[in-house]
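> Quick one, fold the following:
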Amino acid sequence: MKYKIVCVKEQYVDIAQKYPSFLMTIYQNQDNMYKTKQVELIFSNMSKEKERILHFIQLREDYSYYHGVHQLTNPFTGEQMLMTINEYDLCVEEKGEHHDLYDIISPFSKNFYMIY
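Sure, this is the predicted structure:
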């Protein structure tokens, strides 16, 4: 399963809660100025959140990092969770229908949302 974790600006949290598909529609690859401005308007640059998330996962014994990809490996099952950090999102790839990383970091803030 591949998904992205984004942080919605405070003024758009109510809209995101009422219309969750709104986020998937709005968040697009930033290949032109209009899309870039749209993402900058609604989503928060996750610099503070990234530091907190990285600090949390780097403390784990099953953490590794290689060429921009952060990896957590379950020592019992061998399943891997891969994460790439971008300016406005965290791209996560997990096996099966799991979303463990989202479950781990969602208590940090109500502004975190998962989009597919």
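
> how about the helices in the protein?
Along the chain, the segments classed as helices by DSSP state H run 13-18, 20-26, 33-42, 47-58, 100-105.

> Which one, of the ones you listed, ends up nearest to residue 67?
Shortest separation from residue 67 across these is recorded for helix 47-58, at 15.7 Å, computed as C-beta to C-beta. Just so you know, the C-beta spots here come from the backbone N, C-alpha and C atoms, and that holds for glycine as well.

> Phi and psi next, for the residue lying farthest from the centre of the chain.
The outermost residue of the chain, judged against the average C-alpha position, is residue 76 (24.7 Å), by C-alpha atoms, centre = their mean. Here is the backbone geometry of residue 76 (degrees, to the nearest 10): phi -90, psi -40.

> contacting residues around it?
By C-beta atoms under 8 Å, 6 or more residues apart in numbering, no residues touch residue 76.

> Number the residues from 711 up from this point.
Noted, 711 is the first residue going forward, which turns the last one into residue 786.

> how far away is residue 787 from residue 775?
21 Å (C-beta to C-beta, to the nearest Å).
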